[in-house]
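K.L.:
Got a sequence here, can you build the structure:
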Amino acid sequence: MTQNQHMIYVTDLEKTYQMGMEEVRALRGVSLIIEKGEYVAIMGPSGSGKSTLMNIIGCLDSPTSGGYELNGKQVSQMSDDELAHVRNREIGFVFQTFNLLPRADALHNVELPLIYRGVPGKVRRERSMQALSSVGLGDRVHHKPNEMSGGQRQRVAIARALVNEPSIILADEPTGNLDSKTGEEIMAVFDRLNDDGHTIILVTHEEDIAGHSRRVVKLHDGEVALDEVVVTTD
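P.N.:
Take a look at the predicted model:
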């Protein structure tokens, strides 16, 4: 298999931060391949490098050294415009804190990525309604965040991540602000999205949340300590 057939191809990633007089090595030679349609959980304790790796995969940060190919293209050689295109269209982000506009309703929050792209109003609304329906919120399109539960707000955030039909969904501790029952409901949404063919990369420190994935990558002190396929009991 040639490199350009991999969706994500990471080789010997290093990331070093300068913290005052101290140099911190957040990533120490991480290599990873993730194929289209995979459902991967990246785990590790605080300080293991999992968020740093997530930010590099999401093109929000760049490594100190090493290579990262996304769909066969070397990310380090992309222009600022190309990187913006990747962040807006190729990758859908879901965060622990939802990051919704408090005064905008669900529909407008989901429309935002399409507004940035200049998609016409009618098409924008249709696609946003479809995305909200796909996460079970077709009847909540005009509710504002403060009129919704935490689980519903996270569903809005997932719909916003989906609306550009991205290649990859990156979810950073997506159930971190939710109770366990609501967290399970949100994970059921991710399970369904993966069944529909979406590539999902999930950062979590919770074993039960990682158990929804098909593969677990554990980081320790900036290195890959474990990379294994999850055996399901279905």
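
K.L.:
secondary structure element for the spatially most central residue of the chain?
P.N.:
The C-alpha lying nearest the average C-alpha coordinate of the chain belongs to residue 170 (CA atoms, centre = their mean; 0.7 Å). Following DSSP states H and E, one finds residue 170 within strand 168-172.

K.L.:
go on, residue 26?
P.N.:
Here residue 26, judged by DSSP H and E, is contained in strand 22-34.

K.L.:
What residues sit buried inside that strand?
P.N.:
26, 27, 28, 30, 32, 34 (16 or more other CB atoms under 10 Å). The way it works is simple: take the backbone N, C-alpha and C, and place the C-beta from them, glycine included.

K.L.:
And the contacts of that strand?
P.N.:
Strand 22-34 is contacted by residues 6-18, 40, 49, 52-53, 56, 63, 66, 199, 201, 217, 219, 221-224, 227 when judged by CB atoms under 8 Å, 6 or more residues apart in numbering.

K.L.:
ok, back up a step: residues touching the strand holding residue 170, excluding its own?
P.N.:
Applying CB under 8 Å, 6+ apart, the external contacts of strand 168-172 come out as 7-8, 51, 54, 57-58, 90-96, 158, 161-162, 190, 193, 198-203.

K.L.:
ok, so what distance separates residue 49 from residue 23?
P.N.:
From residue 49 across to residue 23, the span is 15 Å (CB to CB, to the nearest Å).
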